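Visitor: Show me how the following folds:
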Amino acid sequence: MAKPQRGRHADQQPKENAGPLRPVRGRAPAEGPLAFDRLIHERLRLGILSALAVNESMSFNDLKKLMQTTDGNLSVHARKLEEANYIACTKSFEGRVPKTEYAITPSGRRALERYLDHMEALIRATRER
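Guide: Reported below is the predicted structural model:
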């Protein structure tokens, strides 16, 4: 007697084309109805990109204050965006005080535009029903 698969009733068949919807970490899937950039979809990362899209650059402290988050939390999320080449980080000193500045990159701006276009399409489709 065959064991039923975990999480599924014995009489249910797997859905056709029920593949994972998650993209490779840090990369947006090329296309598809549910495809969006999960890297940007996280609230704090979306906030960082949005703030940098309307400002030429912002300091770490200004972003921290705007996002109302901790040093560690902002650092982790900014690093993920930096690793994806969505933002650029410049470190310098003002006198003896270290200063970290962030700016959105061209690929980060394109990724944000794609994300916003996708979300707007989802909103339109939802409202049409």
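Visitor: excluding its backbone neighbours, what's nearest the residue nearest to the spatial centre of the chain?
Guide: Averaging the C-alpha coordinates of the chain gives a centre point, and the residue nearest to it by C-alpha atoms, centre = their mean is Ile40 (1.3 Å). The shortest distance from Ile40 to any residue other than its chain neighbours is 4.7 Å, reached at Tyr115 (C-beta to C-beta, 6 or more residues apart in numbering). Where you see a C-beta, it was placed from the backbone N, CA and C, and this is true even at glycine.
Visitor: That neighbour contacts His41, doesn't it?
Guide: Yes - using C-beta atoms under 8 Å as the test, Tyr115 is close enough to His41 to be in contact (7.3 Å).
Visitor: For the chain, just list every one of the strands.
Guide: If DSSP state E is used as the criterion, the strands of the chain fall at 58-59, 87-94, 97-104.
Visitor: ok, which stretches of the chain are helices?
Guide: Per DSSP state H, the chain carries helices over the ranges 38-41, 43-54, 60-67, 71-83, 106-128.
Visitor: Show residues contacting the longest one.
Guide: The reference is to helix 106-128. Counting by C-beta atoms under 8 Å, 6 or more residues apart in numbering, helix 106-128 makes contact with 28, 35-37, 39-41, 46, 49-50, 52-53, 81, 84-87, 104, all of which sit outside it.
Visitor: ChimeraX command to pick out the buried ones of those?
Guide: Provided next is the ChimeraX selection string for whichever of the contacts of helix 106-128 are buried by 16 or more other C-beta atoms under 10 Å:
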select :28,36,37,39,40,46,49,50,52,81,84,86,87,104
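Visitor: ok, now how distant is Ala125 from Val97?
Guide: When C-beta to C-beta, to the nearest Å is applied, the distance between Ala125 and Val97 equals 49 Å.
Visitor: Show me which of the two is the more surrounded one.
Guide: Taking other C-beta atoms under 10 Å, Ala125 and Val97 do not tie; Ala125 has more neighbours (10 against 7).
Visitor: ok, what's across the strand from Ile87?
Guide: Beta-bridge pairing for Ile87 (DSSP bridges): Ile104.
Visitor: Alright, calling it a day.
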